[in-house]
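Asker: Below are the sequence and a predicted model for it; my questions follow.
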Amino acid sequence: MTVGTLNRKHVIVLVVCVAAILWIRFGVYGDHTTSSVTATETIPQAEHRLQKLRQAAATAPAKEELLQKATAELAEREKGLLRAPTEAQASASLLETLNSLAKSNGITTQGAEFRDKPLTKDYGEVTVTVRFNCDIAQLVNLLAALADQTQILATDDLRLNPVPNDKNKTIQVLLTVSGVVERKLLPEKKGGTLF
């Protein structure tokens, strides 16, 4: 063994040991110094804060009860919404209701036009327009049956024209009926530019 090779081995071991010590000191135990925390508030301030927290905790059951009542009332009011997974299905449900009521009054509807529009940030409106011929008594019965529905339905437009040369006094009717749906069913309309 020579002195030159022995020193090289010792230097390598020394460098590895120093690197390990530095890694342990700054890597493993770095930024993990413990320090004492001083109190930022006095005992009366802490007692006052505790009293406020207790008061807030005491009002929580009353607020929870109020929330449950409001949720129940909202559910009761929303029973009349047209429930469907999509806007098209809500429109089809409205048309089906309208056709069923018309058929029960001896009326056959012809054609259908659909529209939708937002009412508020939470609710929208789907609209169906149908045409048919009937006598005035059938029309009155149909409108009364629409008003008796549990769903939130409204007659938006009603146009009446007499059928020419008809001795039975039949009228041509263009009836538009709307129903309320959740706003999320309506497609988002993108605003465009005029130019």
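Answerer: All right, it came through fine. Residues are numbered from 1 along each chain as shown.

Asker: Domains in the chain, by residue range?
Answerer: Per the record's domain assignment (automatic domain parsing), the chain is made up of the domains 46-80, 81-185.

Asker: helices and strands around the longest helix along the chain, which ones?
Answerer: When the chain is scanned for its longest helix (criterion: DSSP state H), the result is helix 43-77. For helix 43-77, the packing partners by 3 or more CB pairs under 8 Å, 6 or more residues apart in numbering; DSSP states H and E come out as none at all, with no helix or strand in contact. Where C-beta positions appear, they are placed from N, C-alpha and C, glycine not excepted.

Asker: Identify the residues contacting the next helix or strand after that helix?
Answerer: Tracing the chain past helix 43-77, the next element assigned as helix or strand by DSSP states H and E is helix 87-104. Outside of helix 87-104, the residues within contact range by CB atoms under 8 Å, 6 or more residues apart in numbering are 82-84, 108-109, 112, 114, 116, 124, 126, 128, 130, 132, 142, 145-146, 149, 151, 153, 175, 177-179, 181, 185-187.

Asker: Restricted to buried residues, select those in PyMOL.
Answerer: A single PyMOL command suffices to select whichever of those are buried according to 16 or more other CB atoms under 10 Å:
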select buried, resi 82+84+109+116+124+126+128+130+132+142+145+146+153+175+177+178+179+181+185+186
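
Asker: Filter the contacts of helix 87-104 down to the ones in helices?
Answerer: Counted as lying in helices by DSSP H, out of those, are 142, 145-146.

Asker: Closest one of these to W23?
Answerer: Sorting the ones in helices among the contacts of helix 87-104 by how near they are to W23, with CB to CB, puts L146 at the top with 81.1 Å.

Asker: Now the closest one: closest residue in space, sequence neighbours ignored.
Answerer: Nearest-residue entry for L146: L153, 5.6 Å, with adjacent residues in sequence omitted and distances by CB to CB, 6 or more residues apart in numbering.

Asker: what's near enough to touch that neighbour?
Answerer: Residues near L153 by CB under 8 Å, 6+ apart: 94, 97, 146-147, 177-179.

Asker: from those residues, which two are the most distant?
Answerer: By the measure CB to CB, those have their two most distant members at L94 and A147, which lie 14.9 Å apart.

Asker: isn't L139 right next to I171, touching?
Answerer: Yes - the pair formed by L139 and I171 meets the contact definition of CB atoms under 8 Å, at 7.0 Å.

Asker: list the residues that contact both of these two?
Answerer: Going by CB under 8 Å, 6+ apart, residues that sit against L139 and also against I171 are L160.

Asker: Mean pLDDT lowest where, among the domains of the chain?
Answerer: Set side by side, these give their lowest mean pLDDT on domain 46-80, at a mean of 83.

Asker: how far is that domain from where the chain is centred?
Answerer: Centroid separation for domain 46-80 versus its chain: 22 Å, with CA atoms, centre = their mean, to the nearest Å.
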